[in-house]
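> Prediction below, plus the sequence it came from.
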Amino acid sequence: METIRKISLTEQTRKGACLAFFSAYQDMDTARMIQLAAPDATVHFMPMGEDGKGSFWEFGQGVWQLIMDCFPDVDNTVDSLVTDGDTIRASVAIFGTQAQDFMGIANQGLRFNSDHIFVFRFDTADRITHLDIDWDHASFCRQLGA
């Protein structure tokens, strides 16, 4: 019985960490976002290929800050969180209005709404160790007029 309770508490803690990440994202607080991760955690923004891989604390924070700067009303809605072992798969809608040029996409003041998949991996201390993020990049670009 103790094992079942521990697994359940771990799952709750990890889902809570995911929700805390998206709450910090809504608050545009990159410091809170990255503090949920282990110091050596990594991130992969999958549509960017090899150029989308890096340190969660440095590269990830830089990308998220750029998004917040270029889309000052960026927001998200968590649609689902699914646990599988040491991972949590989050289906999330991210949306906002472009106010500055973003990664080669000229600002036209257009709005995007994009479904994203975030796959969080955790260590035994329930800290994020890796995050894969995927989305339909072609649709994102079309919505912004690129």
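Now that the structure is in, tell me what you want to look at.

> how much space between Val119 and Cys141?
23 Å (C-beta to C-beta, to the nearest Å). All C-beta spots, glycine's among them, are computed from the backbone N, C-alpha and C.

> What is the end-to-end distance of stretch 97-110?
Its start and end residues considered, stretch 97-110 measures 6 Å (C-alpha to C-alpha, to the nearest Å).

> what about that stretch, distance to the chain center?
Put simply, stretch 97-110 sits 20 Å off its chain's centre (C-alpha atoms, centre = their mean, to the nearest Å).

> Stretch 83-95 too?
Per C-alpha atoms, centre = their mean, the centroid offset for stretch 83-95 relative to its chain is 9 Å.

> ok, now stretch 65-78?
Here stretch 65-78 shows a centroid-to-chain-centroid distance of 11 Å under the convention C-alpha atoms, centre = their mean.

> Could you pull up the mean pLDDT of that stretch?
Mean per-residue pLDDT for stretch 65-78: 98.

> With stretch 16-35 instead?
Stretch 16-35 comes out at a mean pLDDT of 97.

> who touches it?
Outside stretch 16-35, the residues within contact range by C-beta atoms under 8 Å, 6 or more residues apart in numbering are 36, 56-57, 60-61, 64-65, 68, 74-76, 78, 81, 88, 90, 92, 118, 120, 122, 126-128.

> PyMOL command for the buried members of those residues?
Filtering the contacts of stretch 16-35 down to the buried ones (16 or more other C-beta atoms under 10 Å) takes a single PyMOL command:
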select buried, resi 36+56+57+60+61+64+68+74+76+78+81+88+90+92+118+120+122+126+127+128
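
> mind listing which of the contacts of stretch 16-35 are in strands?
75-76, 78, 81, 88, 90, 92, 118, 120, 122, 128 (DSSP state E).

> of all those, which two lie farthest apart?
Asp75 and Phe122 (25.0 Å; C-beta to C-beta).

> Now do Ile105 against Gly52, distance only.
16 Å.

> secondary structure element for His116?
strand 111-122 (DSSP states H and E).

> Next, the buried residues of the helix or strand of the chain with the lowest mean pLDDT.
Lowest by mean pLDDT, DSSP states H and E among the helices and strands of the chain is helix 2-26, with a mean of 82. For helix 2-26, the neighbour count (16+ other C-beta under 10 Å) marks 14-15, 17-18, 21-22, 24-25 as buried.
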